[in-house]
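> the sequence and its predicted three-dimensional model are supplied below.
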Amino acid sequence: MLHKVDFLPDELFRIVAVDKTNTHHVGTVFRSVYGEDFPVKDVYQPETLWKEIQARRLVSALAFDEKGQAAGYISMFKTAPNPRLWEAGNILVTPEYTHTNISSRLVHHYFDPAMCKMTDIDGIFNETVCCHFFTQVSAAKIGMIDCGLELDQLDGDSFKDGKSNKAGTARVSCVLYFWELTDPLEPEYVPIRYDTILRKIAGSLRPRILFPSTDALPTDGSTTLEEKYYAYAKTWKVAVPIIGSDWIEVVENILYKGRERRVISLQVTLNMACPHIGVAVDLLREKGFFFGGMAPRWFGTDGLLMQRLLESETEYEKTKLYKPFSRELLAFIRTDREAVRGI
């Protein structure tokens, strides 16, 4: 049964930026849903949050009801290699207001450039969960573009928001949505096998120059990596700004380390400025990696997301996707995943 949404008038609550005077309310919002169990402990630490805000690595807002009680929270933070990208996430509403429109108001407030006051920014991305439609619908209505699908990225048991946990899935996939705010400046390269799908994704973004990748791996130079390991989610994200002559050994080491860490979702994002990205992708596919999508402006230039699942079979029938192109992406990814199993 669908719950009735109460559309609260503006005077019944207010949205304000998080600052030194109200950071303690952030923990209040998270405790109302997660207790002390939210895996990113910074939300419970006012001093840490304020330092992140001062360092311009976090911008966030709180919603307060007419009694002055914290009712909701939303934030943007920096997680990509490109410091000019912001990730939108951590939208949360207290149980008392779950079935009101506060979450929608927070989203629309925060995607108003006059409100978030962010400058020198290439874009905003969001990883919207596929166990309910709300965040996908919100991203689509704002005008964000669905660019990728990260299979089984999150632990289904970790959701306690009154919506997501009803999906009953062991793992939760995410759609990568993107809102581009500046024009790409450099030419990029696409693996021939993914040319059509990548150009289709790029066609919904700002104009960019794409060439087929036909170069061999370089004979010298080392691969560089940037990584983010989320032990609580069993997810490991590896960004590759430079693909060197040691690429084969690097991939083997990533797989070894992934198994050692008992990772489930292993994601490798390659810089599309590399003219030899095609052969690098072929080597990944030989090791069981399959297509994930485009990560726009991940390095300043775009990234190509490849992924592999270790010890996980996706529950496709429980994956909820709002936009038709997201469903098209899933079909393509499923086909590519099956294809690499036969290599």
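Yep, it's here.
> can you report how many residues lie near residue 144?
24 (other C-beta atoms under 10 Å). For every residue, glycine as well, the C-beta is placed using N, CA and C.
> from memory it sits against residue 176, does it?
No - judged on C-beta atoms under 8 Å, residue 144 makes no contact with residue 176 at a distance of 9.6 Å.
> between these two, which contacts overlap?
125, 126 (C-beta atoms under 8 Å, 6 or more residues apart in numbering).
> what pLDDT is listed against the residue nearest the centre of the chain?
Of all residues in the chain, the one closest to the mean position by C-alpha atoms, centre = their mean is residue 127, 3.1 Å from it. We have a pLDDT of 96 for residue 127.
> name the element it belongs to?
strand 123-129 (DSSP states H and E).
> run a quick neighbour tally on the residue lying closest to the residue nearest to the centre of the chain once chain neighbours are set aside.
Using C-beta to C-beta, 6 or more residues apart in numbering and skipping the chain neighbours, the partner closest in space to residue 127 is residue 174 (4.0 Å). Around residue 174 there are 22 other residues, counting by other C-beta under 10 Å.
> in three-state terms, label residue 174 for me.
strand (DSSP: H, G, I helix; E, B strand; the rest coil).
> can we start the residue count at 53 from this point?
With 53 as the first residue, the last one maps to residue 226.
> give me the beta-bridge partners of it?
Beta-bridge partners for residue 226, by DSSP bridges, are residue 181, residue 202.
> what segments of the stretch 103-252 of the chain are strands?
Ranges of strands within the stretch 103-252 of the chain are 110-117, 122-129, 137-145, 175-181, 197-207, 223-232, 240-243, based on DSSP state E, counting those that start in this stretch.
> wait, residue 177 touches residue 348, no?
Yes - counting by C-beta under 8 Å, residue 177 touches residue 348, with 7.5 Å between them.
> what sits in contact with each of those two?
residue 230.
> got any ranges where the stretch 253-395 of the chain has weak pLDDT?
For the stretch 253-395 of the chain, no stretch has pLDDT under 70.
> tally of neighbours for residue 123?
That count, for residue 123 with other C-beta under 10 Å as the rule, works out to 29.
> tell me how far it lies from residue 97.
21 Å (C-beta to C-beta, to the nearest Å).
> so how far is residue 269 from residue 303?
Residue 303 is 12 Å from residue 269, by C-beta to C-beta.
> settle it for me: which of the two has more neighbours?
residue 303 (20 against 17).
> residues contacting the closest residue to that one other than its chain neighbours?
Nearest non-adjacent residue to residue 303, counting by C-beta to C-beta, 6+ apart: residue 339, 5.6 Å away. Residue 339 makes contact with 303, 304, 307, 360 under the criterion C-beta under 8 Å, 6+ apart.
> wait, is the last one part of a strand?
Spelled out, that is residue 360. Yes - counting by three-state DSSP, residue 360 falls inside a strand.
> residue 338 is in contact with that one, correct?
No - Residue 360 lies out of contact with residue 338 (C-beta under 8 Å); the separation is 11.4 Å.
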